[in-house]
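Student: quick check, what structure comes out for this input:
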Amino acid sequence: MPDHGVAPEFEPVDEAIRADADALSAELFNLRARLFPPSAAKPLRLFSSGEAAALIGISDAYLRQLSLAGFGPQAISVNGGRRSYSLQQINEYRGHLSREGRDYFPRRRAGDQLQVIAVTNFKGGSGKTTTSAHLAQYLALRGFRVLAIDLDPQSSLSTLFGFQSETDLAENETLYAAIRYDETRRPLQEVIRTTYFTGVDLIPANLELQEFEHDTPRILAAGQRGKHSLFFNRLRETLSEVESNYDVVIVDCPPQLGFLTLGALCAATGVLVTVHPQMLDVASMSQFLLMTADLLSVVRKAGGELRYDFLRYLITRYEPQDGPQTQVVGFLRNLFAERVLTNPMLKSTAVSDAGLTKQTLYEISRQSMGRSTYSRAVEALDAVNGEIETLISKGWGR
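Tutor: Got it, this is the predicted structure:
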(Lines give C-alpha, C1' and ligand atoms only; values in the text may rest on other atoms or scores of the structure.)
Protein backbone atom coordinates (compact mmCIF):
# COMPACT_ATOMS: atom_id res chain seq x y z
CA MET A 1 0.00 0.00 0.00
CA PRO A 2 1.41 3.45 -0.85
CA ASP A 3 2.19 5.71 2.05
CA HIS A 4 -0.14 8.73 1.91
CA GLY A 5 1.19 10.21 5.14
CA VAL A 6 3.04 13.45 5.57
CA ALA A 7 5.73 13.98 2.91
CA PRO A 8 9.28 13.90 4.32
CA GLU A 9 10.96 17.25 4.74
CA PHE A 10 14.08 17.83 2.67
CA GLU A 11 16.72 20.42 3.39
CA PRO A 12 16.89 22.86 0.45
CA VAL A 13 19.89 21.88 -1.64
CA ASP A 14 21.34 25.39 -1.62
CA GLU A 15 21.27 25.44 2.17
CA ALA A 16 22.88 22.00 2.34
CA ILE A 17 25.69 23.06 0.00
CA ARG A 18 26.17 26.31 1.92
CA ALA A 19 26.44 24.40 5.20
CA ASP A 20 29.03 22.04 3.69
CA ALA A 21 31.00 24.97 2.27
CA ASP A 22 31.02 26.80 5.62
CA ALA A 23 32.08 23.64 7.47
CA LEU A 24 34.89 22.92 5.00
CA SER A 25 36.13 26.52 5.03
CA ALA A 26 36.24 26.57 8.82
CA GLU A 27 38.13 23.28 8.96
CA LEU A 28 40.67 24.48 6.39
CA PHE A 29 41.23 27.59 8.49
CA ASN A 30 41.77 25.43 11.58
CA LEU A 31 44.14 23.18 9.63
CA ARG A 32 46.28 26.16 8.62
CA ALA A 33 46.41 27.29 12.25
CA ARG A 34 47.65 23.84 13.28
CA LEU A 35 50.20 23.55 10.48
CA PHE A 36 51.69 27.02 10.80
CA PRO A 37 51.45 28.22 14.42
CA PRO A 38 51.61 30.66 16.12
CA SER A 39 50.68 33.24 13.47
CA ALA A 40 48.77 30.79 11.23
CA ALA A 41 50.88 32.17 8.37
CA LYS A 42 53.21 30.09 6.24
CA PRO A 43 56.93 30.52 6.96
CA LEU A 44 59.80 29.80 4.60
CA ARG A 45 62.42 27.43 5.92
CA LEU A 46 66.07 28.35 6.44
CA PHE A 47 68.72 27.16 3.98
CA SER A 48 71.85 25.29 4.99
CA SER A 49 75.24 26.85 4.35
CA GLY A 50 75.77 24.56 1.37
CA GLU A 51 72.36 25.39 -0.10
CA ALA A 52 72.92 29.12 0.42
CA ALA A 53 76.34 29.03 -1.25
CA ALA A 54 74.95 27.11 -4.24
CA LEU A 55 72.10 29.60 -4.65
CA ILE A 56 74.49 32.57 -4.49
CA GLY A 57 76.94 30.91 -6.89
CA ILE A 58 79.97 30.61 -4.63
CA SER A 59 81.61 27.78 -2.69
CA ASP A 60 80.57 26.88 0.84
CA ALA A 61 84.14 27.52 2.00
CA TYR A 62 84.07 31.04 0.55
CA LEU A 63 80.71 31.74 2.22
CA ARG A 64 82.15 30.58 5.54
CA GLN A 65 85.17 32.84 4.99
CA LEU A 66 82.92 35.83 4.27
CA SER A 67 80.80 35.08 7.32
CA LEU A 68 83.81 34.82 9.63
CA ALA A 69 85.16 38.09 8.25
CA GLY A 70 81.88 39.83 9.05
CA PHE A 71 81.13 40.43 5.37
CA GLY A 72 77.36 40.38 4.87
CA PRO A 73 74.68 39.13 7.26
CA GLN A 74 75.63 36.68 9.97
CA ALA A 75 74.41 33.11 9.78
CA ILE A 76 71.61 31.84 11.97
CA SER A 77 72.83 28.99 14.18
CA VAL A 78 70.39 26.09 14.46
CA ASN A 79 70.60 22.34 15.03
CA GLY A 80 73.76 22.16 17.08
CA GLY A 81 75.41 25.27 15.72
CA ARG A 82 75.06 24.55 12.01
CA ARG A 83 75.03 27.71 9.95
CA SER A 84 71.78 28.49 8.15
CA TYR A 85 70.53 31.48 6.17
CA SER A 86 67.17 32.96 5.26
CA LEU A 87 66.44 33.75 1.62
CA GLN A 88 66.50 37.44 2.56
CA GLN A 89 70.06 37.00 3.86
CA ILE A 90 71.04 35.14 0.69
CA ASN A 91 69.85 38.12 -1.35
CA GLU A 92 71.80 40.46 0.93
CA TYR A 93 74.95 38.47 0.17
CA ARG A 94 74.16 38.74 -3.54
CA GLY A 95 73.93 42.49 -3.13
CA HIS A 96 77.21 42.76 -1.20
CA LEU A 97 79.09 40.56 -3.68
CA SER A 98 77.65 42.39 -6.70
CA ARG A 99 79.25 45.58 -5.47
CA GLU A 100 82.62 43.83 -5.80
CA GLY A 101 82.26 43.58 -9.58
CA ARG A 102 80.40 40.48 -10.78
CA ASP A 103 76.59 40.72 -10.85
CA TYR A 104 75.07 37.96 -8.71
CA PHE A 105 71.48 38.94 -9.58
CA PRO A 106 70.19 37.61 -12.94
CA ARG A 107 67.64 40.42 -13.17
CA ARG A 108 66.52 42.40 -16.18
CA ARG A 109 68.50 45.47 -17.11
CA ALA A 110 67.62 48.84 -18.53
CA GLY A 111 65.81 48.30 -21.82
CA ASP A 112 64.77 44.70 -21.03
CA GLN A 113 61.02 44.21 -21.23
CA LEU A 114 59.06 42.74 -18.33
CA GLN A 115 58.70 39.00 -18.96
CA VAL A 116 55.08 37.85 -18.55
CA ILE A 117 54.62 34.08 -18.71
CA ALA A 118 51.09 32.71 -19.07
CA VAL A 119 50.72 29.10 -17.90
CA THR A 120 47.65 27.70 -19.58
CA ASN A 121 45.51 24.82 -20.83
CA PHE A 122 41.77 24.48 -20.47
CA LYS A 123 41.87 20.93 -19.13
CA GLY A 124 41.92 20.70 -15.35
CA GLY A 125 44.62 18.58 -13.77
CA SER A 126 47.28 19.34 -16.37
CA GLY A 127 49.62 20.80 -13.74
CA LYS A 128 49.21 24.54 -14.34
CA THR A 129 49.20 25.58 -10.69
CA THR A 130 52.02 23.24 -9.67
CA THR A 131 54.08 24.54 -12.59
CA SER A 132 53.30 28.19 -11.79
CA ALA A 133 54.14 27.91 -8.09
CA HIS A 134 57.41 26.04 -8.56
CA LEU A 135 58.51 28.31 -11.41
CA ALA A 136 57.82 31.47 -9.38
CA GLN A 137 59.71 30.11 -6.39
CA TYR A 138 62.63 28.80 -8.46
CA LEU A 139 63.09 32.22 -10.05
CA ALA A 140 62.92 33.92 -6.64
CA LEU A 141 65.58 31.53 -5.29
CA ARG A 142 67.76 32.55 -8.24
CA GLY A 143 67.36 36.22 -7.32
CA PHE A 144 64.62 37.39 -9.69
CA ARG A 145 61.83 39.70 -8.54
CA VAL A 146 58.63 37.79 -9.28
CA LEU A 147 54.96 38.70 -9.34
CA ALA A 148 52.63 35.68 -9.35
CA ILE A 149 49.05 36.28 -10.50
CA ASP A 150 46.33 33.81 -9.61
CA LEU A 151 43.82 34.19 -12.42
CA ASP A 152 41.79 31.10 -11.51
CA PRO A 153 38.64 31.74 -9.42
CA GLN A 154 39.29 28.38 -7.73
CA SER A 155 42.38 30.07 -6.18
CA SER A 156 44.69 27.04 -5.94
CA LEU A 157 47.84 29.13 -6.41
CA SER A 158 46.70 31.47 -3.64
CA THR A 159 46.22 28.47 -1.37
CA LEU A 160 49.75 27.23 -2.05
CA PHE A 161 51.06 30.65 -1.03
CA GLY A 162 49.16 30.51 2.25
CA PHE A 163 46.01 32.50 1.45
CA GLN A 164 42.51 31.19 2.08
CA SER A 165 40.26 33.13 -0.26
CA GLU A 166 37.12 32.94 1.94
CA THR A 167 38.82 34.33 5.05
CA ASP A 168 41.83 36.34 3.87
CA LEU A 169 40.33 38.37 1.03
CA ALA A 170 37.70 41.06 1.28
CA GLU A 171 35.69 42.40 -1.63
CA ASN A 172 37.66 43.97 -4.50
CA GLU A 173 41.06 42.49 -3.54
CA THR A 174 41.81 40.31 -6.58
CA LEU A 175 43.03 41.20 -10.06
CA TYR A 176 39.41 41.97 -10.89
CA ALA A 177 39.76 45.15 -8.80
CA ALA A 178 42.45 46.45 -11.18
CA ILE A 179 40.79 45.50 -14.50
CA ARG A 180 37.10 46.04 -13.79
CA TYR A 181 35.11 48.56 -15.82
CA ASP A 182 33.43 50.72 -13.17
CA GLU A 183 34.43 53.50 -10.79
CA THR A 184 35.57 51.11 -8.05
CA ARG A 185 38.63 50.09 -10.10
CA ARG A 186 41.81 50.18 -7.99
CA PRO A 187 45.53 50.66 -8.77
CA LEU A 188 47.24 47.30 -9.19
CA GLN A 189 49.69 47.98 -6.37
CA GLU A 190 46.81 48.01 -3.89
CA VAL A 191 45.92 44.34 -4.53
CA ILE A 192 49.47 42.95 -4.55
CA ARG A 193 50.33 40.93 -1.44
CA THR A 194 53.81 40.27 -0.06
CA THR A 195 54.32 36.55 0.54
CA TYR A 196 56.46 34.60 3.03
CA PHE A 197 58.63 33.55 0.07
CA THR A 198 61.17 36.38 -0.31
CA GLY A 199 61.17 37.65 -3.89
CA VAL A 200 57.62 36.53 -4.72
CA ASP A 201 54.64 38.87 -4.51
CA LEU A 202 51.14 37.59 -5.22
CA ILE A 203 47.84 38.83 -6.55
CA PRO A 204 45.46 36.30 -4.99
CA ALA A 205 42.18 35.04 -6.42
CA ASN A 206 38.69 34.15 -5.39
CA LEU A 207 35.29 33.73 -7.06
CA GLU A 208 35.09 37.50 -7.62
CA LEU A 209 37.26 37.06 -10.73
CA GLN A 210 34.30 35.44 -12.47
CA GLU A 211 32.63 38.86 -12.53
CA PHE A 212 35.02 39.91 -15.30
CA GLU A 213 33.64 37.11 -17.48
CA HIS A 214 30.14 38.52 -16.92
CA ASP A 215 31.00 42.21 -17.23
CA THR A 216 32.95 42.02 -20.49
CA PRO A 217 30.12 40.78 -22.77
CA ARG A 218 27.85 43.47 -21.32
CA ILE A 219 30.41 46.20 -22.05
CA LEU A 220 30.97 44.88 -25.57
CA ALA A 221 27.24 44.62 -26.26
CA ALA A 222 26.66 48.15 -24.99
CA GLY A 223 29.22 49.47 -27.47
CA GLN A 224 31.18 51.30 -24.76
CA ARG A 225 34.54 50.75 -26.44
CA GLY A 226 35.41 54.42 -26.41
CA LYS A 227 34.89 54.60 -22.67
CA HIS A 228 36.93 51.52 -21.76
CA SER A 229 40.03 49.87 -23.18
CA LEU A 230 39.17 46.50 -24.67
CA PHE A 231 39.35 43.47 -22.41
CA PHE A 232 42.45 42.04 -24.07
CA ASN A 233 44.50 45.15 -23.28
CA ARG A 234 43.48 45.61 -19.65
CA LEU A 235 45.94 43.24 -18.00
CA ARG A 236 48.86 44.53 -20.09
CA GLU A 237 47.95 48.12 -19.25
CA THR A 238 47.60 47.50 -15.52
CA LEU A 239 50.91 45.60 -15.36
CA SER A 240 52.62 48.70 -16.73
CA GLU A 241 51.82 50.39 -13.40
CA VAL A 242 54.21 48.10 -11.51
CA GLU A 243 56.61 46.76 -14.14
CA SER A 244 59.61 48.56 -12.69
CA ASN A 245 59.25 46.49 -9.51
CA TYR A 246 59.55 43.06 -11.16
CA ASP A 247 61.58 41.01 -13.61
CA VAL A 248 59.08 38.24 -14.32
CA VAL A 249 55.32 37.85 -13.96
CA ILE A 250 53.86 34.32 -13.75
CA VAL A 251 50.14 34.08 -14.59
CA ASP A 252 48.29 30.92 -13.53
CA CYS A 253 45.38 30.90 -15.99
CA PRO A 254 41.97 29.33 -15.29
CA PRO A 255 41.05 26.02 -17.00
CA GLN A 256 38.85 27.73 -19.55
CA LEU A 257 39.33 29.93 -22.58
CA GLY A 258 37.44 32.98 -21.37
CA PHE A 259 38.14 36.70 -21.28
CA LEU A 260 40.58 36.35 -18.37
CA THR A 261 42.69 33.81 -20.22
CA LEU A 262 42.61 35.83 -23.44
CA GLY A 263 43.74 38.88 -21.49
CA ALA A 264 46.66 36.91 -20.07
CA LEU A 265 47.62 35.59 -23.51
CA CYS A 266 47.62 39.13 -24.90
CA ALA A 267 49.74 40.45 -22.03
CA ALA A 268 52.20 37.56 -22.25
CA THR A 269 55.70 37.60 -23.67
CA GLY A 270 55.92 33.82 -23.24
CA VAL A 271 53.37 31.01 -23.06
CA LEU A 272 53.65 27.60 -21.39
CA VAL A 273 51.01 25.04 -22.32
CA THR A 274 51.00 22.21 -19.81
CA VAL A 275 50.32 18.75 -21.25
CA HIS A 276 49.64 15.53 -19.40
CA PRO A 277 50.88 12.77 -21.78
CA GLN A 278 47.61 10.85 -22.19
CA MET A 279 45.77 10.69 -25.49
CA LEU A 280 42.54 12.11 -24.02
CA ASP A 281 44.50 15.09 -22.71
CA VAL A 282 46.26 15.52 -26.05
CA ALA A 283 42.91 15.42 -27.86
CA SER A 284 41.61 18.06 -25.46
CA MET A 285 44.71 20.17 -26.10
CA SER A 286 44.00 19.97 -29.82
CA GLN A 287 40.62 21.59 -29.26
CA PHE A 288 42.19 24.15 -26.96
CA LEU A 289 44.76 25.15 -29.60
CA LEU A 290 42.11 25.42 -32.33
CA MET A 291 39.89 27.63 -30.19
CA THR A 292 42.85 29.72 -29.03
CA ALA A 293 44.04 30.30 -32.60
CA ASP A 294 40.56 31.39 -33.72
CA LEU A 295 40.03 33.75 -30.80
CA LEU A 296 43.50 35.27 -30.90
CA SER A 297 43.06 35.87 -34.62
CA VAL A 298 39.96 37.92 -33.85
CA VAL A 299 41.81 39.76 -31.10
CA ARG A 300 44.77 40.52 -33.37
CA LYS A 301 42.47 41.92 -36.06
CA ALA A 302 40.85 44.11 -33.38
CA GLY A 303 44.25 45.60 -32.52
CA GLY A 304 45.62 43.23 -29.93
CA GLU A 305 49.38 42.73 -29.87
CA LEU A 306 50.68 39.16 -29.81
CA ARG A 307 54.46 39.22 -29.55
CA TYR A 308 55.84 36.12 -27.86
CA ASP A 309 59.48 35.48 -27.13
CA PHE A 310 58.54 31.83 -26.81
CA LEU A 311 55.68 29.34 -26.94
CA ARG A 312 56.47 25.98 -25.34
CA TYR A 313 54.67 22.78 -24.40
CA LEU A 314 55.61 21.37 -21.00
CA ILE A 315 55.05 17.66 -20.36
CA THR A 316 53.69 17.29 -16.82
CA ARG A 317 53.10 14.37 -14.44
CA TYR A 318 55.33 12.25 -16.66
CA GLU A 319 56.17 8.67 -15.68
CA PRO A 320 59.18 7.51 -17.74
CA GLN A 321 58.42 3.83 -17.10
CA ASP A 322 54.91 4.18 -18.54
CA GLY A 323 55.12 2.91 -22.13
CA PRO A 324 51.98 4.64 -23.48
CA GLN A 325 53.08 7.95 -21.95
CA THR A 326 56.50 7.62 -23.55
CA GLN A 327 54.84 7.04 -26.92
CA VAL A 328 52.67 10.14 -26.48
CA VAL A 329 55.73 12.23 -25.58
CA GLY A 330 57.54 10.93 -28.68
CA PHE A 331 54.51 11.78 -30.79
CA LEU A 332 54.47 15.35 -29.46
CA ARG A 333 58.22 15.82 -29.95
CA ASN A 334 58.00 14.61 -33.55
CA LEU A 335 55.11 16.96 -34.16
CA PHE A 336 56.25 20.12 -32.38
CA ALA A 337 60.05 19.62 -32.24
CA GLU A 338 61.75 22.35 -30.16
CA ARG A 339 58.41 23.75 -29.00
CA VAL A 340 58.28 20.85 -26.53
CA LEU A 341 60.56 21.56 -23.58
CA THR A 342 63.44 19.09 -23.41
CA ASN A 343 62.82 18.37 -19.72
CA PRO A 344 59.46 17.03 -18.52
CA MET A 345 57.86 17.65 -15.15
CA LEU A 346 58.06 14.20 -13.59
CA LYS A 347 55.25 12.73 -11.54
CA SER A 348 56.66 12.51 -8.02
CA THR A 349 55.42 11.38 -4.64
CA ALA A 350 57.66 14.10 -3.19
CA VAL A 351 55.53 16.82 -4.81
CA SER A 352 52.34 15.10 -3.64
CA ASP A 353 53.64 14.67 -0.10
CA ALA A 354 54.64 18.34 0.08
CA GLY A 355 51.17 19.28 -1.16
CA LEU A 356 49.56 17.58 1.84
CA THR A 357 50.81 20.47 3.97
CA LYS A 358 50.13 23.09 1.26
CA GLN A 359 53.81 23.34 0.43
CA THR A 360 55.97 23.04 -2.65
CA LEU A 361 59.14 21.05 -3.10
CA TYR A 362 61.25 24.19 -2.79
CA GLU A 363 59.82 24.88 0.67
CA ILE A 364 60.55 21.56 2.34
CA SER A 365 63.96 20.22 3.31
CA ARG A 366 65.72 16.97 2.47
CA GLN A 367 65.22 15.78 6.04
CA SER A 368 61.43 15.77 5.65
CA MET A 369 61.40 12.78 3.27
CA GLY A 370 63.66 10.16 1.69
CA ARG A 371 66.84 11.81 0.46
CA SER A 372 66.87 10.01 -2.91
CA THR A 373 63.17 10.74 -3.58
CA TYR A 374 63.66 14.40 -2.72
CA SER A 375 66.85 14.75 -4.75
CA ARG A 376 65.36 13.19 -7.88
CA ALA A 377 62.29 15.40 -7.69
CA VAL A 378 64.24 18.62 -7.11
CA GLU A 379 66.69 17.76 -9.89
CA ALA A 380 63.79 17.26 -12.33
CA LEU A 381 62.12 20.52 -11.25
CA ASP A 382 65.36 22.47 -11.53
CA ALA A 383 65.93 21.09 -15.03
CA VAL A 384 62.49 22.26 -16.20
CA ASN A 385 62.70 25.67 -14.54
CA GLY A 386 66.30 26.16 -15.63
CA GLU A 387 65.22 25.62 -19.22
CA ILE A 388 62.51 28.25 -18.81
CA GLU A 389 65.03 30.62 -17.21
CA THR A 390 67.20 30.22 -20.32
CA LEU A 391 64.22 31.21 -22.49
CA ILE A 392 63.71 34.30 -20.33
CA SER A 393 67.36 35.25 -20.73
CA LYS A 394 67.14 34.77 -24.49
CA GLY A 395 64.14 37.08 -24.50
CA TRP A 396 66.45 39.69 -23.02
CA GLY A 397 69.07 39.01 -25.68
CA ARG A 398 71.54 37.21 -23.43
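
Student: next, the distance between the ends of stretch 54-69.
Tutor: Across its full length, stretch 54-69 reaches 20 Å end to end, with CA to CA, to the nearest Å as the criterion.

Student: quick one: contacts of it?
Tutor: Residues outside stretch 54-69 that contact it (CB atoms under 8 Å, 6 or more residues apart in numbering) are 47, 49-50, 52-53, 72, 74-75, 83, 90, 93-94, 97, 104, 141-142. Where you see a C-beta, it was placed from the backbone N, CA and C, and this is true even at glycine.

Student: can you say which of these are buried?
Tutor: 47, 49, 52-53, 72, 75, 83, 90, 93-94, 97, 104, 141-142 (16 or more other CB atoms under 10 Å).

Student: give me the subset of the residues you listed lying in strands.
Tutor: The members of these that map onto strands under DSSP state E are 47, 83.

Student: follow-up on the earlier one: now go through the contacts of stretch 54-69 and say which are in helices.
Tutor: Counting by DSSP state H, the contacts of stretch 54-69 place 49, 50, 52, 53, 90, 93, 94, 97, 141, 142 in helices.

Student: what sits closest to the second one if chain neighbours are left out?
Tutor: It stands for residue 50. residue 60 (4.9 Å; CB to CB, 6 or more residues apart in numbering).

Student: look up phi and psi at the one you found.
Tutor: phi -60, psi -40 (degrees, to the nearest 10).

Student: what number of residues are in the vicinity of it?
Tutor: By other CB atoms under 10 Å, the residues close to residue 60 number 15.

Student: reformat the ones in helices among the contacts of stretch 54-69 as a markdown table; add distance to residue 210.
Tutor: Below are the ones in helices among the contacts of stretch 54-69 laid out as a markdown table (distance: CB to CB, whole Å):
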| residue | distance to residue 210 |
| --- | --- |
| 49 | 47 |
| 50 | 46 |
| 52 | 42 |
| 53 | 46 |
| 90 | 39 |
| 93 | 44 |
| 94 | 40 |
| 97 | 46 |
| 141 | 33 |
| 142 | 34 |
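
Student: format those as CSV; extra columns: distance to residue 115 and pLDDT.
Tutor: Output for these, formatted as CSV (distance: CB to CB, whole Å; pLDDT from 0 to 100):
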residue, distance to residue 115, pLDDT
49, 31, 90
50, 30, 91
52, 26, 92
53, 27, 93
90, 22, 93
93, 25, 92
94, 19, 93
97, 24, 90
141, 17, 96
142, 13, 96
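
Student: just the residues you listed now: which is nearest residue 311?
Tutor: Nearest to residue 311 among the ones in helices among the contacts of stretch 54-69: residue 142, at 22.6 Å, using CB to CB.

Student: looking at the contacts of stretch 54-69, spot the one nearest residue 197.
Tutor: After measuring the contacts of stretch 54-69 against residue 197 - CB to CB - the closest member comes out as residue 141, at 8.8 Å.

Student: now do the same contact list for residue 46.
Tutor: By CB under 8 Å, 6+ apart, the contact list for residue 46 reads 76, 78, 84, 85, 86.

Student: pairing partners for the third one in the sheet, please.
Tutor: Taking DSSP bridges as the rule, residue 84 bridges to residue 48, residue 76.

Student: quick one: the helices in the stretch 1-150 of the chain?
Tutor: 13-35, 49-56, 60-68, 87-98, 128-142 (DSSP state H, counting those that start in this stretch).

Student: rank those by pLDDT, which is bottom?
Tutor: Mean pLDDT values for the helices of the stretch 1-150 of the chain show the minimum at helix 13-35, a mean of 63.

Student: distance of residue 353 relative to residue 213?
Tutor: Look at residue 353 and residue 213: by CB to CB, to the nearest Å, they are 35 Å apart.

Student: then residue 319?
Tutor: For residue 319, the distance to residue 213 - CB to CB - is 35 Å.

Student: so which of these two has more stuff around it?
Tutor: residue 213 (17 against 14).

Student: what helix or strand does the more buried one sit in?
Tutor: helix 210-221 (DSSP states H and E).

Student: what residues of that helix count as buried?
Tutor: For helix 210-221, by 16+ other CB under 10 Å, it's 212, 213, 215, 216, 219.

Student: what's the angle from the helix or strand just after that helix to helix 210-221?
Tutor: The helix or strand immediately downstream of helix 210-221 is helix 231-239, counting by DSSP H and E. Between the axes of helix 231-239 and helix 210-221, defined by axes from the mean of the first three to the mean of the last three CA atoms, to 10 degrees, the angle is 120 degrees.

Student: can I see the domain layout of this protein?
Tutor: 47-98, 115-395 (automatic domain parsing).

Student: other residues contacting stretch 289-300?
Tutor: Against stretch 289-300 from outside (CB under 8 Å, 6+ apart): 122, 232, 257, 262, 265, 266, 273, 304, 306.

Student: could I get these as JSON lines with secondary structure and pLDDT?
Tutor: Below are these laid out as JSON lines (DSSP: H, G, I helix; E, B strand; the rest coil; pLDDT from 0 to 100):
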{"residue": "122", "secondary structure": "coil", "pLDDT": "73"}
{"residue": "232", "secondary structure": "helix", "pLDDT": "86"}
{"residue": "257", "secondary structure": "coil", "pLDDT": "85"}
{"residue": "262", "secondary structure": "helix", "pLDDT": "91"}
{"residue": "265", "secondary structure": "helix", "pLDDT": "91"}
{"residue": "266", "secondary structure": "helix", "pLDDT": "91"}
{"residue": "273", "secondary structure": "strand", "pLDDT": "91"}
{"residue": "304", "secondary structure": "coil", "pLDDT": "75"}
{"residue": "306", "secondary structure": "coil", "pLDDT": "81"}
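
Student: which residue is the nearest non-sequential neighbour of residue 345?
Tutor: residue 316 is the one closest to residue 345 (CB to CB, 6+ apart), at 4.4 Å.
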